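1. Next input, structure requested:
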Amino acid sequence: MSSFRDKMAAKTAELGSTSERQTTERPAAPAAQEPRRSSAFKTGPGMLGALAVAQQRIQELESTSDKLMLPVNAIQPNPWQPRKIFSDEGLASLAESIREVGLVEPVVVRRADNGYQLIAGERRLRAHVLLHEEEIRASVIECSDQDMAVLALVENVGREDLTDYEIGQSLRRAEREFPTRTRMAEALGMSRKGLYRFLAFEKLPDFIRRDLDLNPRLLGGSAADEIVSAIKKHGAHGMKAARELWPAVVSGTLDQGKLAAAIGAQSDRGDSEQSVSERSIEKIFSGKSHAGSITKDTNSFTVKLKTGVLSDAQETQIRELISQLFNVKPG
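-> Here you go, the predicted model:
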């Protein structure tokens, strides 16, 4: 499997759950026409439904590509690369394979101002660095920034170990290449809801994102979206609860999927405790007898009087006072 296009198709062929697939296959588009965007994949890993649209574009790019031996140090990294973590063991294994049988598939690059910019094949390029190779075989294609943003995700998302956080970071970097988020979702074969789930990471507090930069596997997209909503709902109490509970997620003692509910529960307790602490109760006496009370808290000011402690004249006076204060017609 030597072509970039074929490898991409193989990586994405099984993405998405069975329930996400259409029950019938659409007929293939004629070669001269733009292929229809597939809706077989809708969200999550299904973003690679964009391959149906991108495949013809990749084929066109490959058909005019130059096959060259390029200096390894002349190739710049892909700015839209979603992957943050590269397994040292995996790279060492790949390097050993390249040492024994050579590079099976060239890396894919485009020309840049100061050499070349990588489109696909960062692990292969890193393996060459490990081997202290000075040159690498490459396909040089013409590619727009928007193509680069899409293909960087297509190249990487097919790998099981790519995290939602890494995808989200890449989507944020790619966002500037599209006029709207709707257009970006369409280009990636995603629903808007699916796109926003990945973009939710940017709304997390800094103390969570700093830990995700070190370990992107701490949090998935659905959990991140729920945490953002919980903090927004509970305000300062939500942020305080998140800060106190997050270390338990990092240590593994609290499941990431339960953090949002824990933030809500702890915030509710905080609201209740604050309400109790701010409540004042003043008793009312008629002579030595307890006649009622005045209660004040964050939400109300309540006067309670026992039945029979007021004379008709006193009741009339109270009603008149309320009428004067709040423009209420006496009953």
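2. chain center to the lengthiest helix in the chain, what's the gap?
-> Assignment by DSSP state H gives helix 221-251 as the longest helix of the chain. A distance of 14 Å separates the centroid of the chain from that of helix 221-251, by Cα atoms, centre = their mean, to the nearest Å.
3. Then stretch 194-204?
-> Distance, centroid of stretch 194-204 to centroid of chain: 3 Å (Cα atoms, centre = their mean).
4. re earlier: just checking, what packs against the longest helix of the chain?
-> Here helix 221-251 touches helix 164-174, helix 192-199, helix 206-214, helix 259-277, going by 3 or more Cβ pairs under 8 Å, 6 or more residues apart in numbering; DSSP states H and E. The C-beta positions use only the backbone N, C-alpha and C, and glycine is treated the same way.
5. switch the cut-off to 7 Å
-> With contacts taken as 3 or more Cβ pairs under 7 Å, 6 or more residues apart in numbering; DSSP states H and E, helix 221-251 sits against helix 192-199, helix 206-214, helix 259-277.
6. Can you add mean pLDDT and distance to Gly287 and give the ones you listed back as a markdown table?
-> Converted to a markdown table, those look like this (pLDDT from 0 to 100; distance: least, Cβ to Cβ, whole Å):
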| stretch | mean pLDDT | distance to Gly287 |
| --- | --- | --- |
| helix 192-199 | 82 | 66 |
| helix 206-214 | 93 | 59 |
| helix 259-277 | 75 | 31 |
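7. Among those, single out whichever gets nearest to Gln324.
-> Proximity to Gln324, assessed across the helices and strands packed on helix 221-251 by Cβ to Cβ, is greatest for helix 259-277 (30.2 Å).
8. what element comes up after the closest one heading to the C-terminus?
-> Per DSSP states H and E, the first helix or strand lying C-terminal to helix 259-277 is strand 280-286.
9. Run me through the strand neighbours of the next helix or strand after that following strand, direction for each.
-> As assigned by DSSP H and E, the chain's next helix or strand after strand 280-286 is strand 289-296. Strand 289-296 sits in its sheet next to strand 280-286 (antiparallel), strand 301-305 (antiparallel), going by DSSP bridges.
10. comparing the ones you listed, which gets the lowest mean pLDDT score?
-> With a mean of 82, strand 280-286 has the lowest mean pLDDT of the strands paired with strand 289-296.
11. what residue ranges in the stretch 151-300 of the chain score low on pLDDT?
-> The stretch 151-300 of the chain contains residues with pLDDT under 70 at 152-161, 177, 187-189, 270-279, 298-299.
12. repeat that with 50
-> 275 (pLDDT under 50).
13. picking that back up, for Ile136, find the nearest of the helices and strands packed on helix 221-251.
-> Closest among the helices and strands packed on helix 221-251, using Cβ to Cβ: helix 206-214, at 28.8 Å.
14. Please point out which parts of the closest one sit buried.
-> Under the neighbour-count criterion of 16 or more other Cβ atoms under 10 Å, helix 206-214 has Ile208, Arg209, Asp211, Leu212 buried.
15. list the contacts for the third one?
-> Translated: Asp211. Leu218, Val250 (Cβ atoms under 7 Å, 6 or more residues apart in numbering).
16. would CSV of the strands paired with strand 289-296 with distance to Lys240 and mean neighbour count be doable?
-> Formatted as CSV, the strands paired with strand 289-296 follow (distance: least, Cβ to Cβ, whole Å; neighbours: other Cβ atoms under 10 Å):
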stretch, distance to Lys240, mean neighbour count
strand 280-286, 25, 11
strand 301-305, 28, 12
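17. Now distance to Arg176 too, for these, in TSV please.
-> As requested, the strands paired with strand 289-296 are exported to TSV (distance: least, Cβ to Cβ, whole Å):
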stretch	distance to Arg176
strand 280-286	55
strand 301-305	53
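18. who wins for proximity to Ile294 among those?
-> Nearest of those (Cβ to Cβ): strand 280-286, 4.5 Å.
19. residues of stretch 288-295 that come out buried?
-> So, applying 16+ other Cβ under 10 Å, buried residues of stretch 288-295: Gly292.
20. Now do Thr180 against Arg192, distance only.
-> 10 Å (Cβ to Cβ, to the nearest Å).
21. more crowded one of the two?
-> Legend: neighbour count by other Cβ atoms under 10 Å for Thr180 and Arg192, higher for Arg192 (13 against 9).
22. Pretty sure Ala185 is one of the things that one touches, is it not?
-> Yes: at 5.2 Å, Arg192 and Ala185 qualify as touching, with contact defined as Cβ atoms under 7 Å.
23. what's the burial count for Leu103?
-> Neighbour tally, Leu103, other Cβ under 10 Å: 17.
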